[in-house]
Structures are given as C-alpha cells and as structure tokens.
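Colleague: give me a model of this one.
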Amino acid sequence: MQHMENILKHIWPKVRERHLYPELPVPQLAEGKDRVGLEMKGKKIFLSTAFVYEMYHLMDPNLVIEGLLDHAVSHYVYCPWDFSTHLMLYKEVKSVIQEKSMARKAADCFMDVVADTHCVSRIKTPLPVMYRYLQRGRLDEAVCALYQKIWGLDLGADKFEAIATRLSRIPYLDRNQWPDSIRRFASVIRVLLEEEEMDEDMEGPSPMGNHELGRYSPQEIEKGLKDLALNSATPAEFNAVFQDMQKEISNALGKNCHDMGLGKGDGFNADSLYYMKLAQNYALPVRKRPLEKSGSLYPHHHVSWEVGKPFYDIDPWKSFGKLMPGLSKSWQRVEGEMYGHEYGIPDCMVIIDSSGSMADPRKEISQAVLGAACAVDAYLRNGARVAVYNFSDAAAGDELILPYTQSRRMIYEALCRYFGGGTQLQVKNIQTIQSDRLPDIFLITDMQITNLTILVQYFNECKNRITAVHIGKNRCTDGFQQSMAMQQNVRIYGVENLQDIPRIVLGSVREYLYTN
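Modeller: Just a heads-up that it's a prediction; the model follows:
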C-alpha cells in the first residue's frame, strides 16, 4: 500500500502537467475487491488497489496507475465534461434503448471511447497497453476491437470485426455531432448489451468503472436539470431521463434537495420538476433600487478635535483619554444612505384553468403552466409568497386550493394538477385566498368559463393588480376585454402563439417587481 502511495505521488504531477493542470485534488487509493479501476466522487479520483494488484503480474504498476489517471482526467477535461452533457448523452441513448441498465451502460461506454480516444490522440499514454492486458467481457472485447481500428495499434482483439468497422465510422471527437454519434453507437452495440443482459454470468461494470452522478456538485446538477428541461420536447422526454437517475440525483444532492426546491426523502414529482426547471431558464434579473438619503446622521470617520467643536463627538479610545486640541479625535458624522423606500413585494395568487380545453401538462408542454411557473419563480426569488387556485368544474369538486406558501414543490405540484373536466370556478374560493396585503393576481385560462360574468363582476370590484392571460381568441375573450376596458388595475394579454405566454407573463412581472 505504501509502495502504491509513493508511485501515485510521483506520477500525479506528471499526469497533471500533460493534461494542462486540471483543477483536481490529489487522487487517493481505495481498498476494495471490485475489478473496477477507479471511481470519481465530488471530482476526487479514487484508484482501486485491488485492480492495480490484479494487473501487477501483467504490466508495470507505474503504468497501471498512470493509465488510470489519464483515463479519469480525460473524462474530467473532455467527456462528459459536465452534468448537462452527461444528461444530454443519456437522453439520446434513451431514444434508442429504453431499458435503464442497458441505456446506462451504452452511455458509459460511449463516454469511455470518447475520453480514451481524445487522450490517445493528444498525449503519450499507457492506456493502449492497459487495454491489451485487461480481462475483457464481450462489450469490452468489442470496444478494444474498435480501439485497435481507430488507434492503429495491436490490442490483441480478434473478435467483433464487423461491429468494430461500423463503430469506427463514428466521429467521436466532434462535439457538435455527439447527439447523433451516441445514437448510432447505441444502435450498433445494442445486440451485445442484450446478449449480456440474458447471460447470468454477465460482467458487471466496465473495468474502468461506471459514471455515477456523485461526481457532480449540486450547482452542476441544478444547471443540468434546467438544460434538460429546456432541451426536452415534452414532459415525458424529461421524465424518462429523470426517473432513471432520480435516486442518484437525490443522493448526490443530499441536504441541498430542499434548498433547490426539490423536496427530500419521498421522491420528486417529475412533472412539476420539469416545469420548475424550465421556468428557471427565463429567470428575471433583480434590479437594485437607487440610494436615497435617509435623513439620519451616523459616525463615519475620525477628525482632530478643535476648540469649539462638541464634546460629545470625542472618541475617548482614540484620544488616549486626553482632551487636547489636535490630539483628541472626534467623530465626523455624515447623513446615511439607504435603498429607495421599500413597500415590499406583494404576494401572488395564481388562478389557473385545468379544464378539458387546456393542455394536459403531463402529456405535452402546457404553456399555461409554464407561464404561471415563470411568474411564480420571479415572486419566490424576491421573497414573496404564492397561493394557487386550480380549477376545472369547481362545482363538482374539480378544484385545488393551495394557501400562501414559499414551498416550490407544493406550488408547482398544484400548478401541474390536471382535472380535464368542465370550466367553472367559485369566486368565494378566490376571496378566501385574499389577504390584507392585496396580492397580485395572475389568471391563466382560455376564458371559456361558464360563469365568467361572476368573475368579471368580482374583478371590477377588487383593487388587486390583475394580469389575465387568455389562450386563443373566442367570443368569451372579446367579452372579457370589453368588460375590463375601464379598469386601470387589470391587464389583459391574448396570444395566438402559445410560445409567447412566458414572455408576456414575465414582461408583466418585470413591471410589477422592478419599477422604481
């Protein structure tokens, strides 16, 4: 063990130099019986002593450790690089291979090929020697046959010639083509993965280790989820990836789950998480208010005390207990400054229509839910609370009332609740959510509400700032606009293109929250 530590201390500076000094801590040795050579947790590299001992009789231990380090560093500096890329690659594999364990193995294998090929193409490394002597399963043998072709080196791989030929046509080092490349890669090796899945003696992880999510920081995971939501065509596409990695993400985040609004312990709702992360891509910047004079004086700096100046401003600690002109020090007071008069950010009441004429947020992107989610995110980030009234056929009990809260999880789950029935609300339930602070009201609907006249009457009487977003144009929307035309506190936005809803909602929120 001590001999290995000495080798590691000697080799790591050289490896780090030839990879242009990546910001990684000193690798560590880890005891274990697995044939996995290394693992990474929180950007820390752990080398398996069992693996190094296993390779002792085949090659110099210096080369084993050096090769493992080259492989690990190449993953860090090139592929997958970050959590967003990791999720993107896995999402593309899922479009080809739906089974979780096979999809994970295909994604891991592709990342290994890219990282190793990048490393071999740039620097002199013992990686090819390692692969020649590794104990190999069917998939490992096919990968070595591929390396043998694209690296132009003899690795002792004499099987899977046809598969290796097809895989060699993929441009592994072209980042822009990675989405298409990994789909092609997965489709070719799928038959090998299926054979291994059926084999009871199937090899476990790759000799170089699997790519677990514990290597990423909470900040990287949050960014990755936001990017995944933005690049997913439907909520189902997001959910297919997230559900496969939910447990690992939860473990990786730990106590940060609650801080990110994901909840902790009993699992995440993938539908609400999708809209939560998608809305965060439209986050509004916070504008600071200008400084104003406060009218109060406070001690700012010391000046020499002179005869005729007030005694009460003398600082005895700086004057050494002396009362002498020029020696004693007194405080110079200045008028204080503060940020502009703050009335406080109002709470927000979201009234959202989830009737049958609205999109089901679980099956397709609901721009209504996304618009409400954008507004909610802006209010919560400014310290306000949010209440939700989700309605369909309220008279039949198809409604949900969430009192004011700052729990992102509860709010987004309330927004994503879909009833799919008739369209009728109860104004008395809106009144129960009112408060003395006069919350802002956001109404998201297609306006085909059977008792719309009652809502119009209520809006004509209340003093809240109201933003009404109606989807599409119909007889009801025209009547609502005419009825609200004289109300200065009501703003109405109609959209034909559903993609405009986040922009409209955010524009209104910007005026509410950031006008000085």
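Colleague: how far off centre is stretch 452-465?
Modeller: Between the mean C-alpha location of stretch 452-465 and the chain-wide mean there is a distance of 38 Å, by Cα atoms, centre = their mean, to the nearest Å.
Colleague: now do the buried residues in that stretch.
Modeller: Leu452, Leu455, Val456, Phe459, Cys462, Asn464, Arg465 (16 or more other Cβ atoms under 10 Å). Where you see a C-beta, it was placed from the backbone N, CA and C, and this is true even at glycine.
Colleague: out of the residues you listed, which is nearest to Leu63?
Modeller: Arg465 (69.7 Å; Cβ to Cβ).
Colleague: torsion angles phi and psi at that closest one?
Modeller: The phi and psi values for Arg465, taken as degrees, to the nearest 10, are phi -80, psi 120.
Colleague: list the contacts for it?
Modeller: For Arg465, the contact set (Cβ atoms under 8 Å, 6 or more residues apart in numbering) comprises Pro346, Leu438, Asp440, Ile441, Asn489, Tyr512.
Colleague: now, these that are in strands?
Modeller: Judged by DSSP state E, the subset of these located in strands is Asp440, Ile441.
Colleague: tabulate the contacts of Arg465 (TSV), appending distance to Arg184, neighbour count and pLDDT.
Modeller: Shown next, in TSV, are the contacts of Arg465 (distance: Cβ to Cβ, whole Å; neighbours: other Cβ atoms under 10 Å; pLDDT from 0 to 100):
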residue	distance to Arg184	neighbour count	pLDDT
Pro346	53	20	86
Leu438	58	15	86
Asp440	50	24	90
Ile441	51	24	92
Asn489	57	14	85
Tyr512	49	19	67
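Colleague: out of the contacts of Arg465, who's nearest Val427?
Modeller: Nearest to Val427 among the contacts of Arg465, with distances taken as Cβ to Cβ, is Ile441, at 12.1 Å.
Colleague: I'd guess Pro171 is in a helix, am I close?
Modeller: No - counting by DSSP: H, G, I helix; E, B strand; the rest coil, Pro171 is not part of a helix but coil.
Colleague: and it, what does it touch?
Modeller: By Cβ under 8 Å, 6+ apart, the residues touching Pro171 are Gln177, Ser181.
Colleague: what kind of secondary structure is the residue most central in space within the chain in?
Modeller: With distances taken as Cα atoms, centre = their mean, Glu222 lies nearest the centre of the chain, 2.4 Å away. Secondary structure, three-state DSSP: Glu222 is helix.
Colleague: please renumber the chain so that the first residue is 69 from this point on.
Modeller: Will do, 69 is the new start, and the previous item becomes Glu290.
Colleague: filter the buried residues of stretch 520-533 down to the ones in helices?
Modeller: Applying DSSP state H to the buried residues of stretch 520-533, the entries found in helices are Leu520, Leu523, Val524, Phe527.
Colleague: pretty sure the first one sits against Gly547.
Modeller: Read it as Leu520. Yes - using Cβ atoms under 8 Å, Leu520 is in contact with Gly547, at 7.3 Å.
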